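Engineer: Sequence first, predicted coordinates after that:
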Amino acid sequence: EAGVAQSPRYKIIEKRQSVAFWCNPISGHATLYWYQQILGQGPKLLIQFQNNGVVDDSQLPKDRFSAERLKGVDSTLKIQPAKLEDSAVYLCASSLDRGDFRGGDNEQFFGPGTRLTVL
Amino acid sequence: GESVGLHLPTLSVQEGDNSIINCAYSNSASDYFIWYKQESGKGPQFIIDIRSNMDKRQGQRVTVLLNKTVKHLSLQIAATQPGDSAVYFCAEFRRGGYNKLIFGAGTRLAVHP
């Protein structure tokens, strides 16, 4: 089974520039997550989609971050403009989770992440 | 505030020894916990989970213990191997209108030959 795909794997930009990350979840997974992982810390949820609708974006800095999930499959996360503190690994994950708690359906599968460096 | 955290940021062990990684949580209503392993350059990978109606759960070379009285869980790795070197996270699964994971800061496990 193919895993969660992310691109690019690495990105270096200067502050105030824009950047976009792409995620292709596991086929059939209803829920897609974007996490931010700052060096030395655990992943922090930025936004969660169920199909193509946002169910949680409470931790997303909406003045500069945006995300969409077209047709309930692929997703893009954009930062505009980037700040130095946005340097982190951006992880995408997906799960079968359809909103109810069903044990294994809730297991999240993570992609390899995109390492962003803002100079 | 509610949080999931770890006691030790780095753990060094000799190959073949047993490893114990600890985690404290503060949300007493939490009823499901997951341990993840993250190798360098990769995303977190599910290791083992445990529900609050259990005190112990065993997998292949790994055991998770849950102590709800003191809100503590641990991950035990038997006969630690070089391939076990990674950062380990405990995560709290929060149910509600939507389900989400709250990760702790992580413990780096370094296995020495």
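Structural biologist: That came in fine, so what should we check first?

Engineer: which residue sits closest to residue B:93, ignoring its sequence neighbours?
Structural biologist: Among residues not flanking residue B:93 along the chain, residue B:32 sits closest, at 4.1 Å (Cβ to Cβ, 6 or more residues apart in numbering or on different chains). In this view, the C-beta of every residue, glycine as well, is placed from N, C-alpha and C.

Engineer: ok, that neighbour to residue A:46 distance?
Structural biologist: As defined by Cβ to Cβ, to the nearest Å, residue B:32 lies at a distance of 22 Å from residue A:46.

Engineer: repeat for residue B:104
Structural biologist: 18 Å.

Engineer: got it, and residue A:87?
Structural biologist: Remark: distance between residue A:87 and residue A:46 (Cβ to Cβ) = 15 Å.

Engineer: Residue B:112 too?
Structural biologist: From residue B:112 to residue A:46 the distance is 36 Å (Cβ to Cβ).

Engineer: With neighbour numbers in mind, choose between the two.
Structural biologist: residue A:46 (20 against 11; other Cβ atoms under 10 Å in any protein chain shown).

Engineer: The more buried one contacts residue A:57, doesn't it?
Structural biologist: Yes. Here residue A:46 reaches residue A:57: they are 7.4 Å apart, a contact under Cβ atoms under 8 Å.

Engineer: Name the residues contacting each of the two.
Structural biologist: Both residue A:46 and residue A:57 are in contact with residue A:67, where contact means Cβ atoms under 8 Å, 6 or more residues apart in numbering or on different chains.

Engineer: Show me the strands in chain A, by range?
Structural biologist: A:5-7, A:10-13, A:19-24, A:31-37, A:44-50, A:53-56, A:65-69, A:75-79, A:88-95, A:109-110, A:114-118 (DSSP state E).

Engineer: Nothing else from me, thank you.
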